[in-house]
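Novice: pasting the sequence and the predicted model now:
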Amino acid sequence: MSKCWNCGIELKDPHHVCPLCKCIVERDGKEEPEQNYPYLDAEKGIRKMQRALNIYLFSAIVLEVLLCGIDFRTGGRPGWVILIGVFLAGGYITLKVLVQMHAAYRLKMILLAMLGEAVLLAIDIETGFAGWSLNYVLPAVFILMDLMIIFLMIVNSREWQSYISLQILIIALCCIQFVLYYMGVVTRLSGGVISLAAAILFFVGTLIVGGNRARSELYRRFHV
C-alpha cells in the first residue's frame with residue numbers, strides 16, 4: 001500500500017504519483033504478493049510458434065530451391081515444382097494467420113478461403129486447367145462465405161451490424177468473376193451470377209431486417 005504524505009490519503013493501487021496533488025508517494029515497506037499474468041505465458045507460446053514458423057519458412061525455401069535445381073538438371077516439367085511451392089506457401093500462410101491471435105477472425109476466414117481457392121487453382125493448372133477451380137469452386141467459396149457471415153451474425157447477435165462491411169467485400173470479390181470472364185479465364189458465368197446474386201440478396205436482406213442499426217453502420221463506415 002502507498003501513502004501520499006502531502007495529502008495524507010492511502011492508495012491501495014501501486015501508484016508512484018498521487019492522483020490528487022501529483023506528488024511522489026511512498027511505500028509502507030510491505031511487500032505485495034507477486035502478480036502473475038496469464039497473458040505472459042500466451043506471449044511466450046506465440047514467440048515459440050513464431051520461431052517455429054521462421055524455421056519452417058527457411059526450410060521451405062531451401063526445399064523449393066533444391067527441387068528447382070533437381071528439375072533443371074533432369075529437364076523435367078516445372079509444374080510439379082510450382083505446385084509444391086504453392087502448397088508450402090499455403091501452409092506457411094495458414095499457420096501464420098492462425099498464430100497471429102491479434103488478427104481479426106473475419107480476416108482469417110477470408111484469407112483461408114482465398115488460400116484454399118489458390119491451392120485448388122494451382123492443382124487445376126497443373127492438371128491441364130479444365131477451369132473447374134474458377135467456374136465452379138470459386139463461386140461456391142463465395143456462397144459459403146456468405147453463409148458463414150449469416151451464421152456469425154446469428155451467433156454474435158449483439159454486434160451483427162459489424163459484418164455488413166464484410167458482406168460488401170464479398171460482393172466486390174464476386175465481381176472479379178465477371179472481369180475474369182471477359183478476360184477469357186472463366187468460361188462459364190452461371191456460377192458467378194449465382195454467387196453475386198446470393199451476396200446481393202443477403203446484403204439487401206440485412207439492410208431490410210436490420211433497419212436503423214444497419215443504416216447507421218453504413219453511415220458510420222462509409223458515410224452513405
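Specialist: Everything's here; your move.
Novice: so who does the closest residue to G131 other than its chain neighbours touch?
Specialist: Excluding its sequence neighbours, the residue lying closest to G131 (CB to CB, 6 or more residues apart in numbering) is T187, at 5.3 Å. In short, each C-beta sits where N, CA and C put it, glycine included. Applying CB atoms under 8 Å, 6 or more residues apart in numbering, one finds that T187 lies in contact with G131, N135, Y181.
Novice: all strands for the chain, in order.
Specialist: Listed in chain order, the strands of the chain (DSSP state E) span 2-3, 10-11, 26-27.
Novice: lowest-confidence stretch among those?
Specialist: Sorting those by mean pLDDT places strand 26-27 lowest, at a mean of 56.
Novice: just the helices in the protein please.
Specialist: Listed in chain order, the helices of the chain (DSSP state H) span 38-74, 79-99, 105-126, 132, 138-155, 164-182, 190-210, 212-222.
Novice: right, and those - which one's nearest E10?
Specialist: Among the helices of the chain, helix 38-74 comes nearest to E10, with 29.1 Å by CB to CB.
Novice: and the residue nearest to G131, what pLDDT?
Specialist: Model confidence at T187, given as pLDDT, is 90.
Novice: gap between it and Y136?
Specialist: Counting by CB to CB, to the nearest Å, the gap from T187 to Y136 is 11 Å.
Novice: for I171, same thing?
Specialist: To Y136, I171 is 20 Å away according to CB to CB.
Novice: go on, G128?
Specialist: Going from G128 to Y136 by CB to CB gives 16 Å.
Novice: name the residue in the two with the higher neighbour count.
Specialist: Y136 (13 against 8; other CB atoms under 10 Å).
Novice: so where is this protein shaky, pLDDT-wise?
Specialist: Applying pLDDT under 70 to the chain flags the ranges 1-9, 11-46, 76-80, 94-95, 97-106, 224.
Novice: ok, A199 touching I168?
Specialist: No - A199 is beyond contact range of I168, at 9.0 Å (criterion: CB atoms under 8 Å).
Novice: ok, those two, which is more surrounded?
Specialist: Higher neighbour count among A199 and I168: A199, with 24 against 15, using other CB under 10 Å.
Novice: contacts only, for the more buried one.
Specialist: Shown in contact with A199 (CB under 8 Å, 6+ apart): F142, I143, D146, Q167, I170, I171, C174.
Novice: quick revisit: any chance of the helices of the chain in CSV, with distance to E10 too?
Specialist: Formatted as CSV, the helices of the chain follow (distance: least, CB to CB, whole Å):
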stretch, distance to E10
helix 38-74, 29
helix 79-99, 44
helix 105-126, 44
helix 132, 73
helix 138-155, 46
helix 164-182, 49
helix 190-210, 51
helix 212-222, 44
